[in-house]
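Visitor: Just a sequence and a predicted model for now, questions to come.
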Amino acid sequence: MEDQWPCSIPPASIDNREVEVIGSALVVVGLLLLVTTVFAGLAERVDSVSVPPVLVPYLKYGARAPFVAVPLLIGGVLLADLRRLPDVIGLVLLAATVLLLVAVWIEAVVDGVTGNGRTGRAVLSGTAAGLGLVTTVIVAVVFGDVPSVLILWGFALVLLGAVSVVTGLVWAVVALLRRGDRARVGRFTGESLLVVIVGLVGIIVLAPRSPSVPDSMADAATLDDYLEDLVDSDSPPSVSVVVIADGATVYEKAFGVGDGPHGLAATPDSVYHWLSTTKVATAIATLQLVEQGLIDLDDPVDEHLPFFDPQYPSDSSPPVTIADLLNHSAGLPQNVPAVIGWLRHEDEPPLNQTEFLRDRLPSYDTLGFEPGSRGVYTNVGYYTLAAVIEQVTGERYEDYVVENVLDPLGMLNTRFEYTDAMVDNEAVGAHPMADFQTVFIPIMDLPWPASYIREHDDGWIWFERILFEGNAPTGLIGPAPEKARLLAMVLNGGELDGQRVLSERSVDTLLSGNQVAAGSSPEMDEYANYDEALHGIGWFVIRDGNRTFHDHSGGGPGFAAYMRLYAEEDHGIVILANGTNLPYLDLADAIADINW
């Protein structure tokens, strides 16, 4: 898809990392000058507080910093990456600039009106604030995306207010120690806290909200109505749902837009990231190796990976086994939020999964509890399984899964990379800007996080294609109907359309083997309303009254994924969406109650 350009400057003219570095440096200098402005204002407002003499000249002229900071910031953002000007980083900087200038302007006006002899400063600062405000308005008009600008103003208010609150508290301590004007410090801190509250309220008001899932759904038509309402709320922009029962597909529909800015409607063939539901495919591949006699579930991991040498809780700790990796009972720590930065662009080569683990494991090799004693969710165990698969098969992890799991099941449009066959059905990852998870976006690709952002539109961030450095926990991409074939194979005892992928014994292990009690983790906390939650081989095992289901969810930049299996009822559910937030548990509960 072609980039939409805001002006006539061609891409080649800015495709230069050195220019981006210069632009980033200008942005940093501009921000430093704005910090000077803040401290200059503070120094005057709390003028009875002693200031170190060395800072007096610096602060004396700090109020004039905006006149230099504004062109530096705007020029820096332009040079850093013109294509991303309207995106998160650029607009946050512009909005923060305006807000800081307005703060200086208001203070100067008040000083002038109250007769403190600062009318000239009020005029100059007001002019600077006006220029900054006009710049931001021009950006909003040119790109026609007022919701995005309003949301970014909300984030800028929160950021500016939070910094000011902390600064005010520091000055309050100084005032107490040196008997300064505590009343002025208190007023400043209170005003800053009000700014934070206003920004938070603005973000909350502008945030998209999914409609509540009905407590029960009578039939497929009721499900249709809810899914229409769901995508009409834009949270998420699109959703694909497949339901299988008694060996047949009984529901297969898609709603909404797979690519909003380009007007591409979602279809049942739309491809989405599987995210953490990929772990089930990795578990199936691992059980195949057990069938082949290449590994055993009770094998210590270091028998296959000599460099796997974790720090155990005690000298008598049992070794970490293959089964411990599969059911999250190894004690390995979780890699959140660091995993948000373990991404790669489509034009970057895939990583060897064994070398990837060898590089990252030293930061995650201290076990949090005795192996096998309980389960605490972690991606690191599945990175380790990918290396085991490569070691014992001599193949790349991705090649083994494609050749032995996906292709035999006819899942020809499910892969670890985007393929030409996916282009016409590609659902683009989307994230609402008015969401507190937005603050994690800068972690994705420091120092240029905007490289993963394609564009923003009507308060939504639309991502470029994103791939993962470690594929075993999160890497698959594909359409919902193909994902349902994986569930159908399990429900059918390991075979589908004459192709056997797992033995019946391995299916029993997949569904009922090596289950451990779940320890506390954010992933398991969402099951608090169910009777019991266990970690199984690749799945969560959930007791819900007189029913038991196996499920797994997935969430990441711009996508949400979910699948559920009722083995005793021969019933499966797949849900895929191109939005970060999705009420998948409530939705799956309601779908499961329909008499299919």
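Guide: Received the coordinates, thanks. Numbers count the residues shown, from 1 in each chain.

Visitor: Return the set of buried residues in stretch 318-325.
Guide: Across stretch 318-325, burial judged by 16 or more other CB atoms under 10 Å covers 319, 320, 321, 322, 323, 324, 325. C-beta coordinates here come from the backbone N, C-alpha and C atoms, glycine included.

Visitor: If you could redo that for stretch 513-525, that was the one I meant.
Guide: 513, 514, 515, 516, 518, 519, 521, 523, 524.

Visitor: between those residues, which is nearest residue 382?
Guide: Proximity of those to residue 382 (CB to CB) peaks at residue 523, which lies at 13.1 Å.

Visitor: my guess is residue 488 contacts residue 496, does it?
Guide: Yes. Counting by CB atoms under 8 Å, residue 488 touches residue 496, with 5.6 Å between them.

Visitor: quick revisit: quick one: mark the members of the buried residues of stretch 513-525 that sit in strands.
Guide: residue 516 (DSSP state E).

Visitor: List just the nearest of the buried residues of stretch 513-525 to residue 255.
Guide: residue 523 (26.9 Å).

Visitor: Contact partners for the closest one?
Guide: 377, 553 (CB atoms under 8 Å, 6 or more residues apart in numbering).

Visitor: The same query, at a cut-off of 10 Å, please.
Guide: Shown in contact with residue 523 (CB atoms under 10 Å, 6 or more residues apart in numbering): 276, 328, 334, 336, 376-378, 533, 535, 540, 552-553, 555.

Visitor: how much space between it and residue 540?
Guide: 8 Å (CB to CB, to the nearest Å).

Visitor: any shared contact partners between the two?
Guide: By the contact definition CB under 10 Å, 6+ apart, residue 523 and residue 540 are jointly contacted by 328, 377, 533, 552, 553.

Visitor: Name the strands paired with the longest strand anywhere in the chain and say parallel or antiparallel.
Guide: Longest strand of the chain, by residue count under DSSP E: strand 248-259. Strand 248-259 pairs in its sheet with strand 238-245 (antiparallel), strand 264-265 (antiparallel), by DSSP bridges.

Visitor: Out of those strands, the one nearest residue 544 is which?
Guide: strand 238-245 (17.5 Å).

Visitor: Measure how buried residue 359 is and give me the count.
Guide: For residue 359, the neighbour count with other CB atoms under 10 Å is 12.

Visitor: heads up, I number from 11, so please use that
Guide: In the new count, where the first residue is 11, that last one comes out as residue 369.

Visitor: Wait, it touches residue 397, no?
Guide: No. Counting by CB atoms under 10 Å, residue 397 is not a contact partner of residue 369; they are 11.1 Å apart.

Visitor: Give the residues shared as contacts by these two.
Guide: Contacts common to residue 369 and residue 397, judged by CB under 10 Å, 6+ apart, are residue 362.

Visitor: How about residue 554: what's its closest non-neighbour residue?
Guide: residue 540 (5.0 Å; CB to CB, 6 or more residues apart in numbering).

Visitor: actually residue 568, not the one I typed
Guide: residue 439 (2.2 Å).

Visitor: Now for that neighbour: which residues touch it?
Guide: The contact partners of residue 439, taken as CB under 10 Å, 6+ apart, are 247, 269, 282-283, 462, 464, 471-476, 566-570, 588-590.

Visitor: Just give the number of residues close to residue 450.
Guide: There are 16 residues near residue 450, going by other CB under 10 Å.

Visitor: Return the per-residue confidence for the nearest residue to residue 542 once chain neighbours are set aside.
Guide: Take residue 542 and drop its neighbours on the chain: the residue closest to it by CB to CB, 6+ apart is residue 553, 3.9 Å away. At residue 553, the model reports a pLDDT of 93.

Visitor: Residue 219 too?
Guide: 79.

Visitor: these two touch, right, it and residue 589?
Guide: No. With contact defined as CB under 10 Å, residue 219 does not count as touching residue 589 (11.9 Å).

Visitor: what touches both of those two?
Guide: Common neighbours of residue 219 and residue 589 (CB under 10 Å, 6+ apart) are 243, 244, 245, 442.

Visitor: how about a markdown table for the residues you listed, with secondary structure added?
Guide: A markdown table is the format used below for those (DSSP: H, G, I helix; E, B strand; the rest coil):
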| residue | secondary structure |
| --- | --- |
| 243 | coil |
| 244 | coil |
| 245 | coil |
| 442 | strand |
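
Visitor: returning to what we had before: turn the shared contacts of residue 533 and residue 550 into TSV, columns for secondary structure, pLDDT and neighbour count.
Guide: Below are the shared contacts of residue 533 and residue 550 laid out as TSV (DSSP: H, G, I helix; E, B strand; the rest coil; pLDDT from 0 to 100; neighbours: other CB atoms under 10 Å):
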residue	secondary structure	pLDDT	neighbour count
338	coil	96	29
387	coil	94	18
543	strand	92	20
562	strand	96	22
563	strand	95	20
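
Visitor: which one of these sits closest to residue 364?
Guide: Distances from residue 364 to these, taken by CB to CB, are shortest for residue 338, at 20.9 Å.

Visitor: for the stretch 211-360 of the chain, what spans make up the helices?
Guide: Here the stretch 211-360 of the chain has its helices, by DSSP state H, counting those that start in this stretch, at 230-242, 288-301, 332-336.

Visitor: could I have the last one exported to PDB, CA atoms only?
Guide: Okay, so that is helix 332-336. The C-alpha trace of helix 332-336 is given here as PDB (Å, rounded to 0.1, in the frame of the first residue of the first chain):
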ATOM      1  CA  ILE A 332      10.300 -29.900  28.800                       C
ATOM      2  CA  ALA A 333       6.900 -30.300  30.600                       C
ATOM      3  CA  ASP A 334       7.800 -27.300  32.900                       C
ATOM      4  CA  LEU A 335       8.300 -25.100  29.800                       C
ATOM      5  CA  LEU A 336       5.000 -26.200  28.300                       C
END
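
Visitor: Please name every helix or strand in contact with that helix.
Guide: helix 288-301, helix 390-403, helix 514-522 (3 or more CB pairs under 10 Å, 6 or more residues apart in numbering; DSSP states H and E).

Visitor: looking at those helices, which is closest to residue 320?
Guide: Closest among the helices and strands packed on helix 332-336, using CB to CB: helix 390-403, at 9.7 Å.

Visitor: Show the average pLDDT along whatever helix or strand comes next after the closest one.
Guide: Next helix or strand after helix 390-403 toward the C-terminus (DSSP states H and E): helix 407-411. Mean per-residue pLDDT for helix 407-411: 97.

Visitor: what's in contact with helix 407-411?
Guide: Residues from elsewhere that reach helix 407-411 (CB under 10 Å, 6+ apart): 288, 291-292, 294-295, 298-299, 360, 362-364, 366, 393, 395-405, 416-417, 424-427, 480-482, 485-486.

Visitor: which of the residues in that helix are buried?
Guide: Buried residues in helix 407-411 (16+ other CB under 10 Å): 407, 408, 410, 411.

Visitor: before we move on, the earlier item: take the buried residues of stretch 523-535 and lay them out in TSV including pLDDT and distance to residue 574.
Guide: Below are these laid out as TSV (pLDDT from 0 to 100; distance: CB to CB, whole Å):
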residue	pLDDT	distance to residue 574
523	90	19
524	91	20
525	93	17
526	93	20
528	87	17
529	79	22
531	75	19
533	77	15
534	79	16
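
Visitor: Name the helix or strand of this structure that has the lowest mean pLDDT.
Guide: helix 66-70 (a mean of 44; mean pLDDT, DSSP states H and E).

Visitor: Pretty sure residue 230 sits against residue 600.
Guide: No. Assessed by CB under 10 Å, residue 230 is found out of contact with residue 600, at 11.7 Å.

Visitor: Pick the one among the shared contacts of residue 533 and residue 550 closest to residue 215.
Guide: For the shared contacts of residue 533 and residue 550, the nearest to residue 215 is residue 563 (27.9 Å; CB to CB).
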